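Asker: pasting a predicted model and its sequence here:
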Amino acid sequence: MSDGGRHFHNTEVEDFCAKWSCKRHVVDVLKRLCAPNLGENEYDAISWESLPNNWPNHLDEAVTALNYRILEPT
């Protein structure tokens, strides 16, 4: 699970995923909490660099949301 950062797009991560038969999963929870009034198309177009600087205020909430969501069996 990653935030879509470029540092997760490399051969080391791809090799790890291949070895353990897993896939990268990008989550946008923090992006949505920082800019809640954007529609679906705007979320896809926004870059991390242009997000409001209020992300530290939402970090705990994002972690909680990720920890308590229901996941498919692996």
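Answerer: The structure has been received and is ready for your questions. Residues are numbered from 1 along each chain as shown.
Asker: any stretches of this protein with poor pLDDT?
Answerer: Low-confidence segments of the chain, defined by pLDDT under 70, span residues 1-5, 25-27, 48, 51, 74.
Asker: which residue sits farthest out from the middle of it?
Answerer: Largest separation from the mean C-alpha position in the chain: residue 19, at 22.2 Å (CA atoms, centre = their mean).
Asker: pull out the buried positions in the biggest helix by length in the chain.
Answerer: Longest helix in the chain, counting residues (DSSP state H): helix 55-67. Using 16 or more other CB atoms under 10 Å as the test for burial, helix 55-67 gives 58, 62. Just so you know, the C-beta spots here come from the backbone N, C-alpha and C atoms, and that holds for glycine as well.
Asker: let's have the chain start at 27 instead
Answerer: New numbering, starting at 27: the last item is helix 81-93.
Asker: tell me what it is packed against?
Answerer: Contacts defined by 3 or more CB pairs under 8 Å, 6 or more residues apart in numbering; DSSP states H and E place helix 81-93 against helix 55-60.
Asker: and the helix it packs on, what does it pack against?
Answerer: Identification of packing neighbours for helix 55-60 by 3+ CB pairs under 8 Å, 6+ apart yields helix 81-93.
Asker: neighbours of residue 37, how many?
Answerer: Neighbourhood size, residue 37 [other CB atoms under 10 Å]: 8.
Asker: kindly apply the preceding question to residue 42 instead.
Answerer: Neighbours of residue 42 (other CB under 10 Å): 12.
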